[in-house]
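Novice: no FASTA, just this:
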């Protein structure tokens, strides 16, 4: 029996923009403001990206496609 493929809901936010913001403004939480996570964006701004550790973890999450927007939808590269 043929089953139709199940499609995963994906964020409308751009993966490329999120990646660039994470690279360029990750220590200040710019990518988090972009995806709608204002509260954690402010925390990253105050702590300088968790002294860099939090910013690096977020960058890895964005690259791997596991970073989610404020609605809980993954931000993935849509090639």
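Specialist: Okay, I see it. Predicted model only: the values in this text are computed from it and were never measured.
Novice: where do the helices of the chain begin and end?
Specialist: Secondary structure of the chain (DSSP state H): helices at 15-25, 30-34, 38-51, 53-64.
Novice: residues touching residue 41, list them.
Specialist: Residues in contact with residue 41 (Cβ atoms under 8 Å, 6 or more residues apart in numbering) are 29-30, 32-33. Bear in mind the C-beta positions are built from the backbone N, C-alpha and C, glycine included.
Novice: returning to that earlier point: can you redo the helices of the chain as a markdown table with distance to residue 6 and mean pLDDT?
Specialist: Output for the helices of the chain, formatted as a markdown table (distance: least, Cβ to Cβ, whole Å; pLDDT from 0 to 100):
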| stretch | distance to residue 6 | mean pLDDT |
| --- | --- | --- |
| helix 15-25 | 21 | 95 |
| helix 30-34 | 28 | 96 |
| helix 38-51 | 30 | 93 |
| helix 53-64 | 21 | 95 |
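Novice: and among these, the most buried is which?
Specialist: Highest mean neighbour count among the helices of the chain (mean count of other Cβ atoms under 10 Å): helix 30-34, with a mean of 23.
Novice: nearest residue to the middle of this structure?
Specialist: The chain has residue 67 as the residue nearest its centroid, 4.0 Å off, counting by Cα atoms, centre = their mean.
Novice: so what's residue 76 closest to, chain neighbours aside?
Specialist: In this structure, residue 76 finds its nearest non-sequential neighbour in residue 65, 4.4 Å apart by Cβ to Cβ, 6 or more residues apart in numbering.
Novice: what of residue 43?
Specialist: Residue 43 sits nearest to residue 29 (Cβ to Cβ, 6+ apart), 7.3 Å away.
Novice: list the contacts for residue 62?
Specialist: Counting by Cβ under 8 Å, 6+ apart, residue 62 has contacts 15, 18-19, 22, 31, 75.
Novice: distance of the closest residue to the residue nearest to the centre of the chain other than its chain neighbours relative to residue 15?
Specialist: Closest residue to residue 67 apart from its sequence neighbours, by Cβ to Cβ, 6+ apart: residue 61 at 4.2 Å. According to Cβ to Cβ, to the nearest Å, residue 61 stands 12 Å off from residue 15.
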